[in-house]
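Asker: here is the input, now give the coordinates:
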Amino acid sequence: MKIAWALIASIFLLFAIVLGTFYSYGVFLNQIRTEFGTVNAVGSWLFAVTFVIFSSTGMVGGTLVDKYGARLVVFAGMIFFSVGLYLTTRSVNTYQVFAL
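Answerer: Below you'll find the model as predicted:
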């Protein structure tokens, strides 16, 4: 029973980090604009592209969960998210952010 609560707590933490990063975009818009020297439209495109990718990978993720199981898919997604977030911090222009 304790393992189940630990699993629920870890999934809650995982979703808090992923969705918190995704939906806190508006907080960072001014910093993105200042850091890359762009206008708000370019920063808004970053969010739009992220939203489209986030939405479309949900369909692929559902198929992968049916085929391989939730634990493996969530773990792989966590790895991809972590690597992508790290590489985003190393970006020097908006084109690199779009590529990630």
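
Asker: is it true that residue 14 touches residue 74?
Answerer: Yes. Counting by Cβ atoms under 8 Å, residue 14 does reach residue 74; the two are 7.2 Å apart. To be clear about C-beta, it is placed using only N, CA and C from the backbone, and glycine gets the same treatment.

Asker: in the strand or helix carrying residue 88, which residues are buried?
Answerer: Residue 88 is part of helix 70-89, with elements assigned from DSSP states H and E. For helix 70-89, a neighbour-count test (16 or more other Cβ atoms under 10 Å) marks 73-74 as buried.

Asker: do the same with stretch 54-74
Answerer: 64, 73-74.

Asker: again with stretch 87-98
Answerer: 94, 97.

Asker: 175 is where my numbering starts, stick with that
Answerer: Taking 175 as the first residue, the last one we looked at is stretch 261-272.

Asker: would you mind measuring the gap between the ends of that stretch?
Answerer: 11 Å (Cα to Cα, to the nearest Å).

Asker: who's in contact with that stretch?
Answerer: Stretch 261-272 is contacted by residues 210, 212, 216, 219-220, 223, 274 when judged by Cβ atoms under 8 Å, 6 or more residues apart in numbering.

Asker: 10 Å - rerun?
Answerer: 195, 206-207, 209-212, 216-217, 219-220, 223-224, 273-274 (Cβ atoms under 10 Å, 6 or more residues apart in numbering).

Asker: just the ones of these in strands?
Answerer: Mapping the contacts of stretch 261-272 onto strands (DSSP state E) picks out no residues; all lie outside.
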